[in-house]
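Chemist: I would like the atomic coordinates for the input below:
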Amino acid sequence: MRLFRRPSRRRTGPGGRSPRRRRAGTAAGLVAVLLGTASCAVDTPAPVDPAAAVSAAPAGPPATPTGTPTGASPPPAAPARVPESLRFTGTTLDGKPFAAADLAGRPVVLWFWAPWCATCASQAWTVAEIAPQYRDRVPIVGVAGLGQQKAMKDFVTEFELGGTLQLDDRAGTLWRRFEIVEQSTFLIIDREGKVIHQGFLDGEDLTRRVAALAG
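Modeler: I've put the predicted structure just below:
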């Protein structure tokens, strides 16, 4: 008796592969493609160089050769040193306070005069002429003493000394401080505060000395 084998119900597709295996392979391929696509879509950031980040920061205003930023105001200048010869105060004939320290750093001429002094009267015209001319470079300060205030003011008016600073030293405080023993006396102080002349000067000598100091 001849036996017949029952035909298999397994179906195969083209190429001899079963549909189930083909579907499994297709699914695996899709997963691989999706994973590959995802890995390509995400970029890993490059490492940042700290030095490059610092250099890219906005810089401040450019500095000048002296170190002061452009556009900034320079530091204020240091005040002039006040020498011993200019460490005194007083009152003007107009009643205003006076501080010689304000004149530090410049040559200064102190003129000691008295209202009844004929020699002082002869020099007053020269002082009235040159004092306004050199006011900012070589201040001339009159120191009136040995008289009454009214006489001192009349002297200033008569010889047109209104444009010249005049101190009221009726008490003789400054005369004693500088050891003035006669009038008219000119006391000249240089820029460093050193007394370089004390004594008489005629109009020509006074003009020459003040012009030299101003130059």
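Chemist: where in this structure is pLDDT low?
Modeler: 1-78 (pLDDT under 70).
Chemist: in it, which spans are strands?
Modeler: Here the chain has its strands, by DSSP state E, at 89-91, 97-99, 108-113, 140-144, 165-168, 185-189, 195-199.
Chemist: Turn those strands into TSV, including mean neighbour count and distance to Ala80.
Modeler: Yep, even glycine has a C-beta here, placed from its N, CA and C like the rest. Formatted as TSV, those follow (neighbours: other C-beta atoms under 10 Å; distance: least, C-beta to C-beta, whole Å):
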stretch	mean neighbour count	distance to Ala80
strand 89-91	14	17
strand 97-99	13	13
strand 108-113	25	12
strand 140-144	24	17
strand 165-168	22	18
strand 185-189	22	13
strand 195-199	14	17
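Chemist: got the ones you listed as a markdown table, with distance to Val156 columns?
Modeler: What follows is the strands of the chain, written out as a markdown table (distance: least, C-beta to C-beta, whole Å):
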| stretch | distance to Val156 |
| --- | --- |
| strand 89-91 | 14 |
| strand 97-99 | 15 |
| strand 108-113 | 10 |
| strand 140-144 | 8 |
| strand 165-168 | 6 |
| strand 185-189 | 17 |
| strand 195-199 | 23 |
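Chemist: what sits against the nearest residue to Gly162 once chain neighbours are set aside?
Modeler: Of all residues beyond its chain neighbours, the one nearest Gly162 is Val156 (6.2 Å), with distances taken as C-beta to C-beta, 6 or more residues apart in numbering. Counting by C-beta atoms under 8 Å, 6 or more residues apart in numbering, Val156 touches Leu93, Gly142, Gly162, Gln166.
Chemist: hang on, the earlier thing: now for the strands of the chain, which one comes closest to Pro83?
Modeler: Proximity to Pro83 (C-beta to C-beta) singles out strand 185-189 among the strands of the chain, at 7.7 Å.
Chemist: Pretty sure Cys120 sits against Ser184.
Modeler: Yes. In terms of C-beta atoms under 8 Å, Cys120 counts as a neighbour of Ser184; the distance is 4.4 Å.
Chemist: hey, what's in contact with both of the two?
Modeler: With contacts taken as C-beta under 8 Å, 6+ apart, the residues that reach both Cys120 and Ser184 are Trp113.
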